[in-house]
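J.: Have a look; sequence and predicted model below, questions after that.
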Amino acid sequence: MRRFRALIKKELLHMMRDPRTLVMILIMPVLQLLLLGYANNTDIKNVPTVIFDQSNSQASRALLDAFKVTGYFSFDYVASTDAEVDNLIAAGKVKVGITIPSDYTTNLLSGTPAQVSVLIDGSDPTTAAAVLSAATLAGQAHGTTLEIQKLALEGVSGLGVSPVDVRTRVLYNPDLLGAYNLVPGLIAMILFQTATSLTALSIVRERERGTIEQLIVTPIRSWELILAKIIPYIIVSFMDMLLILLIGTFWFQVPIRGSLLLLFAMTGLYLLPTLGMGLLISTFAKTQQQAQMMTMPILLPAMMLSGFIFPVASLPVFLQLVGEIFPLTYFIYMLRAIVVKGVGIQMIIPQIIALAVFAFIFLGAAALRFNKKLD
């Protein structure tokens, strides 16, 4: 038993002497529990919505209240033209557009079915299906309420035709196929996981093999080392992306509606902060095992909070803000906008700026960290 206790003590001492590994072991289960508990929520609620109320009457406001009380719609924007509604949906700022015509109240009073248009962004089939059902049911329920009130005033029992006719239309993905949402997300996620994990091992591998000393004595600059490290992984990542695109297009029948040139350009921009993040991890880790463990707390939140699996609008506000610190969040949005919606560069300028800032921060920090090691 003395030898057995000595072995246990030795292993505990090794663990205590490696605080980074110990922290990862203790934090990862808590992190997984919190993220899965909050993010694993299939309830669709507070979907960003734009309203275009041309009637601007008490009756139209009552209809909008009927939509809002369902909890599915969050009226974040008010439009003044149909084109503004279309642009907001194309830009991804809203998922739903509700248009009430100017003759809505007149039709209600005359007994003519009052038509209401509901446009739904189909690039996210999960959200679109839920919103489609909610919009139809909300319109039917409100129409039934109006009909009951009318018949009660007239002293007549029984229901006639609903006075409210909600016309829904799903944009970009009318059949609500899951592949339209899944394939772009997989491209972004696979590139993020592959690029970050591989580059996180690069400098650590040099250290373990003893070749880091050879790099230190050479006149190579830190930024030259950084570029030399990331260029091979950029080439490999582009090959991965091309393979996934071919499979998604020909096997899953997901059309690429946008510009291929823009798609590849944005992929190149996305790879810069992603590879920079991996290199930054590589400068902190002492071993390849440590580097792998340090990437796990980044990969899991990025996957859960970026919109890859769950709609971002359904997350708590705090977790939505946390999701914005990951380049993956912006690239998933860009991919779905280019591939599914076919938008141009003017619709993704904020995401381009965000990725450029991330690239500057991560690559710059990695270069500075390597400089410190040279000193």
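T.: Yes, it's here.

J.: buried set for stretch 90-108?
T.: Across stretch 90-108, burial judged by 16 or more other CB atoms under 10 Å covers 90-92, 94-101, 104-105, 107-108. In short, each C-beta sits where N, CA and C put it, glycine included.

J.: quick one, strands of the stretch 101-250 of the chain?
T.: 114-121, 164-171 (DSSP state E, counting those that start in this stretch).

J.: avg pLDDT for the last one?
T.: Per-residue pLDDT values across strand 164-171 average out to 83.

J.: just stretch 323-333 next, same as before
T.: Here the average pLDDT along stretch 323-333 is 92.

J.: Where does the residue nearest the centre of the chain sit: helix, strand or coil?
T.: Residue closest to the average C-alpha location in the chain (CA atoms, centre = their mean): residue 307, at 2.7 Å. Under DSSP: H, G, I helix; E, B strand; the rest coil, residue 307 falls in the coil class.

J.: Contact partners for the closest residue in space to it that isn't next to it in sequence?
T.: Excluding the flanking residues, the one nearest residue 307 by CB to CB, 6 or more residues apart in numbering is residue 332, at 5.4 Å. For residue 332, the contacting residues are 184-185, 188-189, 306-308, by CB atoms under 8 Å, 6 or more residues apart in numbering.

J.: between the buried residues of stretch 90-108, which is nearest residue 368?
T.: residue 92 (34.5 Å; CB to CB).

J.: Could you pull up phi and psi at that closest one?
T.: Main-chain torsions, residue 92, degrees, to the nearest 10: phi 80, psi 10.

J.: what does the one 3 residues further on give?
T.: Taking degrees, to the nearest 10, you get phi -110, psi -20 for the backbone angles of residue 95.

J.: Name the nearest residue to it, sequence neighbours excluded.
T.: residue 121 (4.5 Å).

J.: What is the burial count for that neighbour?
T.: Neighbours of residue 121 under the rule other CB atoms under 10 Å: 25.

J.: So it is in contact with residue 93, correct?
T.: No - in this structure, residue 121 is not within contact of residue 93 by CB atoms under 8 Å, at 10.1 Å.

J.: still on that earlier bit, ok, now how distant is the residue nearest to residue 307 from residue 287?
T.: 32 Å (CB to CB, to the nearest Å).

J.: Surely residue 273 is in contact with residue 358?
T.: Yes - between residue 273 and residue 358 there is a contact under CB under 8 Å: 3.6 Å.

J.: Could you tell me which residues touch both of the two?
T.: If you check residue 273 and residue 358 against CB under 8 Å, 6+ apart, the residues they both contact are residue 327.

J.: of those two, who's got more company?
T.: Just comparing residue 273 and residue 358: by other CB under 10 Å the higher neighbour count belongs to residue 273, 28 against 21.

J.: That one: what secondary structure?
T.: Here residue 273 takes the helix state, with states given by three-state DSSP.

J.: for it, what are its contacts?
T.: 327, 355, 358-359, 361-363.

J.: on that earlier part again, is the residue nearest to residue 307 located within a helix, as I assumed?
T.: Yes - counting by three-state DSSP, residue 332 is found in a helix.
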